[in-house]
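Asker: After the sequence you'll find the predicted model.
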Amino acid sequence: MTSTGYVMMGLLSEGPLTGYMIKKLIDVRFRFFWSESYGQIYPVLQQLVKQGWVNSGPGERKSSKVYTLTEEGQKALSEWLMLAPVKATYRLEILIKVYFAHLAPTSSLKDHLHTHLQEHTQELGLLNAFKHELESIPDPQGDHRNILSVIDYGIRYNQAILDWSNATLSRLEDSNESNVA
């Protein structure tokens, strides 16, 4: 099973969901570190049903299905949670553009970095809002500290990106000043 299936089973452990609802939850809760498309979600749901880890039943609309986690699925999810995580790989196009920046006008790289700053400033604002909201509501299941740790990672990650982007822009400005004579 792929990590996608385990993410979906984790969400289903909170209660029954449609594929659409799973996609929306992933987009909201995990957007800064995880993404899935509908094209990934529905085949994996079918696979989970086939394995007996998830049940499906009719949804509110005729064409929708509601999925629930089975006892076997809960056991598989628990076993997966105990395994060491696979080393993450990153594909950050901005870093490739910086690496090869000598092949393009400096103004282009500066534009990319300003856009990068803007995007991560928005992410940071959103994560801080999530943190504030979560800290202000009751925690009957006792899972807020774990969720806050994930949010804290996102805050620190985005802050590191902002720091790096600003430092890179400063280096570009300094090198432009030294090149102008």
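Answerer: That came in fine, so what should we check first?
Asker: Please determine how far the residue nearest to Ile155 when sequence neighbours are not counted is located from Ser165.
Answerer: Nearest non-adjacent residue to Ile155, counting by Cβ to Cβ, 6 or more residues apart in numbering: Leu127, 5.0 Å away. Backbone N, C-alpha and C define where each C-beta goes, glycine included. Relative to Ser165, Leu127 is positioned 17 Å away (criterion: Cβ to Cβ, to the nearest Å).
Asker: Please verify my assumption that Leu134 contacts Leu148.
Answerer: Yes - contact criterion Cβ atoms under 8 Å: Leu134 and Leu148 qualify, at 6.2 Å.
Asker: Just the pLDDT for Ala167.
Answerer: On pLDDT, Ala167 comes in at 96.
Asker: Spell out which residues sit in contact with it, please.
Answerer: By Cβ atoms under 8 Å, 6 or more residues apart in numbering, the contact set of Ala167 is empty.
Asker: Distance check, it against Ala160.
Answerer: Distance from Ala167 to Ala160, by Cβ to Cβ: 11 Å.
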